[in-house]
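Enquirer: no sequence on hand, only this structure:
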């Protein structure tokens, strides 16, 4: 066993998109930065994997603000990465089909077109649709202007959008239903309007209104837009990793952090172990935790280093649902079946309650889903498979308990687990066939993979395999989220376990914030770039 120590200005635990963003800002500014990542590739959930001739995206669907002036573009520009990846711009967010109410709606990205399309579908709700969008558009404009403004710009924004700011702050303890119900009565209209709630892991009944607003409008406002990275999200994260290394950053993959030491109320060192069992020690002036907050503070840090009240708070926060994801490589081009869209969602039951959902999750029985979804990656980026073939995925909420019950006593995934996975895979494939209206879809599958909550936990160490950090209820979202500052003055959180939220844009914004905070902290302790 080897034991060596190297000294860095900043050590980042985890190479998710939040950590890559923060680390790039710091390396670009001349600091000596180390990223330690358990997985063999960077990106967290923003990765690809290949099976034969098919490339699958682990989870990314849509990213907002990637064109000049947009949120992601402006973040990348801070370390000259704005031209490092090609983004494919989407013209629609999703294709929503509700056969019971005879609705077939291609949801435009641009807000005016979306509103007009919704009014055309639901003319009896026109007044409410227009009032809702008019009232809350300025709330998000305020947030975007505030984010990108300097001191003088913030003063101007404060007075210009004062009413909108107050309106947004009043939403902090409200659900999406609380916000929308005064304007929309038709349940079918409300379902179409709040479709993107699923991206944030909750129904409109539970999801924080503030979170829905930020997420929904982040695509639809002028200057933002919706995009997918050409080559997959793994290409995006890989490009950020390459820029980090180019700026003399050190990226250790396939290496797990096993312990954090501290002294004088400051984190001091990390101890790591690679795949071969070799241990190394690294010392850092700052540590950024781009990983599961529960794991970091309860498993890695010494118990005496963290106040009991802080640990109690973390343990009482609810993580988001996990997911099961079906990945399928098909031997057909689905465009020949008149499927041209990128996202197709079909709903069969608008009255599916949270109680029904929880019951379904406890049994992991996906044979009678209220809604089916299929993402056709090959329709937006044909490079993911050979010509004449297709790549699709389907995603459903899940909890780890049913999967943990079929794991063997020694923790291995034996026959029971494999049979359980195969049953769920068949159920999701059947739903996909129904959504796509291709009855013999199963006969066209060349490659089929299923990710479960245990898969997500194994690769990311996320608590319960959570796919978007904390559950985005009003008491846990945005300003009520876990702060980026921690009880250890030189430890900062970034990623989906802290402010502002999960999702690619959310974690990159947290990485940007933390990068700037660490720059200030390093100057405060008189540690300057070489």
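Expert: Alright, I've got the coordinates. Here the structure is a predicted model, which is why all the values come from computation and not from measurement. Numbering: from 1, shown residues only.

Enquirer: below-threshold pLDDT in the stretch 351-500 of the chain: ranges please.
Expert: Residues of the stretch 351-500 of the chain meeting the criterion pLDDT under 70: 353, 410.

Enquirer: for residue 280, see how far away residue 269 is.
Expert: Spatial separation of residue 269 from residue 280 under the definition CB to CB, to the nearest Å is 10 Å. No exception for glycine: its C-beta is placed from N, CA and C like everyone else's.

Enquirer: ditto for residue 106
Expert: Applying CB to CB to residue 106 and residue 280 gives a distance of 53 Å.

Enquirer: repeat that for residue 360.
Expert: Computed with CB to CB, the distance linking residue 360 and residue 280 is 45 Å.

Enquirer: what sits against residue 453?
Expert: For residue 453, the contact set (CB atoms under 8 Å, 6 or more residues apart in numbering) comprises 322-324, 398-400, 403, 464-465.

Enquirer: rerun at 10 Å
Expert: Contacts for residue 453 were tallied using CB atoms under 10 Å, 6 or more residues apart in numbering; they are 321-324, 364, 397-404, 462, 464-467.

Enquirer: then residue 300?
Expert: For residue 300, the contact set (CB under 10 Å, 6+ apart) comprises 13, 256-261, 267, 270-271, 287, 289, 291-292.

Enquirer: switch to 6 Å and redo it
Expert: Under the criterion of CB atoms under 6 Å, 6 or more residues apart in numbering, the neighbours of residue 300 are 259-260.

Enquirer: and the gap between it and residue 293?
Expert: Applying CB to CB, one obtains 11 Å for the distance of residue 300 from residue 293.

Enquirer: can you list the low-confidence ranges for this protein?
Expert: Screening the chain residue by residue with the criterion pLDDT under 70, one finds the ranges 1-5, 143-154, 157-159, 161, 353, 410.

Enquirer: strands paired with the strand ranked longest in it, and their directions?
Expert: Among all segments of the chain classified by DSSP state E, the strand with the greatest residue count is strand 279-289. Strand 279-289 pairs in its sheet with strand 5-13 (parallel), strand 266-274 (antiparallel), strand 491-493 (parallel), by DSSP bridges.

Enquirer: okay, the ones you listed in TSV with mean neighbour count and distance to residue 434 next?
Expert: Rendered in TSV, the data for the strands paired with strand 279-289 read as follows (neighbours: other CB atoms under 10 Å; distance: least, CB to CB, whole Å):
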stretch	mean neighbour count	distance to residue 434
strand 5-13	21	43
strand 266-274	18	46
strand 491-493	24	41
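
Enquirer: would you reformat those strands as TSV and include distance to residue 369?
Expert: Below are the strands paired with strand 279-289 laid out as TSV (distance: least, CB to CB, whole Å):
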stretch	distance to residue 369
strand 5-13	37
strand 266-274	41
strand 491-493	35
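
Enquirer: returning to what we had before: among the contacts of residue 453, which lie within helices?
Expert: In this view, those that belong to helices under DSSP state H are 401-404.

Enquirer: which residue ranges of the stretch 401-530 of the chain form strands?
Expert: Along the stretch 401-530 of the chain, the segments classed as strands by DSSP state E, counting those that start in this stretch run 445-451, 491-493.

Enquirer: just checking: what are the partner strands of the longest one?
Expert: Going back to what we said before, that points to strand 445-451. For strand 445-451, sheet partners with direction are given as strand 322-330 (antiparallel), following DSSP bridges.

Enquirer: I'd like the next helix or strand past the partner strand.
Expert: strand 343-347 (DSSP states H and E).

Enquirer: strands paired with that following strand, and their directions?
Expert: Sheet pairing for strand 343-347, assigned by DSSP bridges, gives strand 92-98 (parallel), strand 371-376 (antiparallel).

Enquirer: which residues touch it?
Expert: By CB under 6 Å, 6+ apart, the surrounding residues in contact with strand 343-347 are 94-98, 371-375, 435.

Enquirer: try 8 Å this time
Expert: The contact list for strand 343-347, computed with CB under 8 Å, 6+ apart, reads 61-62, 92-99, 191, 195, 370-376, 434-436.

Enquirer: then stretch 433-450?
Expert: When contacts are defined by CB under 8 Å, 6+ apart, stretch 433-450 is touched by residues 51-52, 54, 56, 324-332, 334, 337, 339, 344-346, 372-374, 389, 392, 394, 421-422, 424-426, 428-430, 432.

Enquirer: buried ones among those?
Expert: 54, 56, 324-330, 332, 334, 339, 344-346, 372-374, 389, 392, 394, 421, 424-426, 428-430, 432 (16 or more other CB atoms under 10 Å).

Enquirer: residues touching residue 94, list them.
Expert: Remark: with contacts taken as CB under 8 Å, 6+ apart, residue 94 is in contact with 107, 195-196, 341, 343-345.

Enquirer: switch to 6 Å and redo it
Expert: Taking CB under 6 Å, 6+ apart, one finds 107, 343, 345 in contact with residue 94.

Enquirer: do residue 195 as well
Expert: Applying CB under 6 Å, 6+ apart, we find residue 195 in contact with residue 96.

Enquirer: repeat for residue 270
Expert: 11, 257, 260, 282.

Enquirer: gap between it and residue 521?
Expert: Distance from residue 270 to residue 521, by CB to CB: 18 Å.

Enquirer: and residue 375, by the same measure?
Expert: Distance from residue 375 to residue 521, counting by CB to CB: 40 Å.

Enquirer: same drill for those two, tell me which one is more crowded.
Expert: Using other CB atoms under 10 Å as the criterion, residue 375 and residue 521 rank with residue 375 on top: 23 against 18.

Enquirer: partners of that one in the sheet?
Expert: With DSSP bridges applied, residue 375 shows beta-bridge pairing to residue 343, residue 393.
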